[in-house]
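1. next comes the sequence, and after it the predicted model I'd like to discuss.
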Amino acid sequence: MPEASRPYNFSAGPATLPEPVLRRAAQEMLDWHGSGMGVMEMSHRGREFVSIAEAAEADLRHLLGVPAQFRILFMQGGGLAENAIVPMNLSRGGQVDAVVTGAWSQKSAREARRYADVQVAASNEADGHTTLPTAAGWRLRKGAAYVHVCSNETIHGVEFHQLPDLSALGCDAPLVVDCSSHVLSRPMDWSRVGLAFAGAQKNIGPAGLTLVFVREDLLGHALPICPSAFDYRTVADNGSMFNTPPTYAIYIAGLVFQWIAAEGGVTALEARNIAKARLLYDAIDGSGGFYANRVAVDCRSRMNVPFFLHDERLNEPFLARARERGLLQLKGHKSVGGMRASIYNAMPLHGVQALVDHLRDFARSHG
Ligand SMILES: *Cc1c(COP(=O)(O)O)cnc(C)c1O
């Protein structure tokens, strides 16, 4: 096992990045490839940056096997802006069906109400967002312009391990997927997707960049009130350079894509992510009740693992001891409480092992 040179960072986002990426960016900070410029100082239309952006997009398309009929857009505004940008582009002011499975899909549904007639097609609110409603029971309307899901709920720690197959349910509306917190952690079944979006700061790179994957036929239907910079047709027609894109964030994302390829690609990372998640959930479940995760076993997120200590008074000592051991940002989201370990692609297995060692030692000394 390689010696860790930095603490392990379990932040939900902005989140840890692969150390080789950070080292490479540091090396290239003052002079990118002999150009005499740092990436932040380059014109987004110059040949140097255009080559960076084109390579990033091509590498991403290859890593996720994105079919030719999907455009990849590099946008700004994060997931929350997409909550408005998607209905402005896709709803045509009509009906939207929303599946509520946690805080993020709830926010999406609320925001879409400003632009469309939104119906909650299914919700797991009654059980505190700890299960996933089976797709066969969703109330889908014939006329819906799209169906929204969040495929990994970052705060509540529930994940769709398979995307719903809407056509098998007799629904021909496109599926819109907020995959912000697990994009690139596993392969994507594009046959089930109309549009997917992801803020970069969880599993891709720095905040400020949002990836949008959109099927060609969904372009060109924006409401008149949609700002030009957020009209997918305009963004696509201008190669994501209608306005200045977040150039440095695109560069770092590109380095992350190269790192993923060098690690063996998305399927190799998926296998590693499964092993990491199993290690951590087994430690929680096997703690004799000292720690608990309340999510139904088959809906548990591989990326975001919320857990609780049996005695809340031990939360602060748990976090303090964790920090001493080089385990950072484990405090849970304020709306859920307890702890949360985010174990994105860039978290190595030995980082999760270090956390599991802490769980065991802390339980032993306070049990
Ligand atoms: C973090 C997150 C968002 C919000 O991203 P912002 O960049 O803060 O707008 C949206 N959806 C999911 C699933 C997230 O994890």
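-> Ah, there it is.

2. and this protein, which residues reach the ligand?
-> Within the chain, the positions adjacent to the ligand are 13, 78-80, 104, 150, 154, 178, 180-181, 199, 202 by Cβ under 6 Å from any ligand atom. Every C-beta, even on glycine, is put in place using the N, C-alpha and C of the backbone.

3. in strands, which of those residues appear?
-> The members of those that map onto strands under DSSP state E are 150, 178, 199.

4. name the nearest of those relative to the ligand.
-> Gly199 (3.6 Å; Cβ to the nearest ligand atom).

5. where does the chain have low pLDDT?
-> Scanning the chain for pLDDT under 70 picks out the ranges 1-4.

6. point to the residue nearest the middle of it.
-> Ser181 (1.8 Å; Cα atoms, centre = their mean).

7. just the buried residues of the residues of the chain next to the ligand.
-> 13, 78-79, 104, 150, 154, 178, 180-181, 199, 202 (16 or more other Cβ atoms under 10 Å).

8. now those residues in a markdown table, with distance to Ala56?
-> Shown next, in a markdown table, are those (distance: Cβ to Cβ, whole Å):
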| residue | distance to Ala56 |
| --- | --- |
| Gly13 | 20 |
| Gly78 | 18 |
| Gly79 | 20 |
| Trp104 | 25 |
| Cys150 | 25 |
| Thr154 | 24 |
| Asp178 | 21 |
| Ser180 | 18 |
| Ser181 | 20 |
| Gly199 | 16 |
| Lys202 | 17 |
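
9. returning to that earlier point: got phi/psi on the residue nearest to the centre of the chain?
-> As for Ser181, its main-chain torsions (degrees, to the nearest 10) stand at phi -100, psi 10.

10. ok, now which ones touch it?
-> Neighbour list for Ser181: 12-13, 152-154, 198, 202-203, 301, 303-304, 342, 344 [criterion: Cβ atoms under 8 Å, 6 or more residues apart in numbering].

11. again, only using 10 Å
-> 12-13, 15, 79, 104, 150-155, 157, 159, 198-199, 201-203, 301, 303-304, 342, 344 (Cβ atoms under 10 Å, 6 or more residues apart in numbering).

12. ok, Gly289 next?
-> Contacts of Gly289 by Cβ under 10 Å, 6+ apart are 310, 363, 367.

13. change it to 7 Å
-> Neighbouring residues of Gly289 by Cβ atoms under 7 Å, 6 or more residues apart in numbering: His310.

14. can you show me the strands along this structure?
-> 8-9, 70-75, 95-100, 117-123, 144-150, 152-153, 158-159, 175-178, 195-199, 210-215, 291-292, 304-309, 327-328, 339-342.

15. dump these to a markdown table, plus distance to Pro20.
-> Output for those, formatted as a markdown table (distance: least, Cβ to Cβ, whole Å):
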| stretch | distance to Pro20 |
| --- | --- |
| strand 8-9 | 15 |
| strand 70-75 | 23 |
| strand 95-100 | 37 |
| strand 117-123 | 42 |
| strand 144-150 | 30 |
| strand 152-153 | 25 |
| strand 158-159 | 27 |
| strand 175-178 | 29 |
| strand 195-199 | 22 |
| strand 210-215 | 21 |
| strand 291-292 | 32 |
| strand 304-309 | 24 |
| strand 327-328 | 19 |
| strand 339-342 | 20 |
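
16. from those strands, which stretch is densest packed?
-> strand 152-153 (a mean of 30; mean count of other Cβ atoms under 10 Å).

17. so what does it touch, helix or strand wise?
-> Under the contact definition 3 or more Cβ pairs under 7 Å, 6 or more residues apart in numbering; DSSP states H and E, strand 152-153 sits against helix 103-112.

18. tell me where the stretch 251-367 of the chain has helices.
-> Using DSSP state H, counting those that start in this stretch, the helices of the stretch 251-367 of the chain run over 265-285, 315-324, 349-366.

19. quick check: angle from the first one to helix 349-366?
-> Direction vectors for helix 265-285 and helix 349-366, defined by axes from the mean of the first three to the mean of the last three Cα atoms, to 10 degrees, enclose an angle of 10 degrees.

20. elements contacting helix 265-285?
-> So helix 265-285, by 3+ Cβ pairs under 7 Å, 6+ apart, packs with helix 47-64, strand 304-309, helix 349-366.

21. show residues contacting that helix.
-> 63-64, 184-187, 260, 263, 291-293, 300, 302, 305, 307, 341, 343, 345, 347, 349, 352-353, 355-356, 359-360.

22. show me which residues of stretch 79-94 are buried.
-> 79, 81-92.

23. then stretch 22-38?
-> 25, 32, 37.

24. out of those residues, which comes closest to the ligand?
-> Ala25 (20.7 Å).

25. just to check, the closest one is in contact with Leu255?
-> Yes - assessed by Cβ atoms under 7 Å, Ala25 is found in contact with Leu255 at 6.4 Å.

26. sweet, I'm off.
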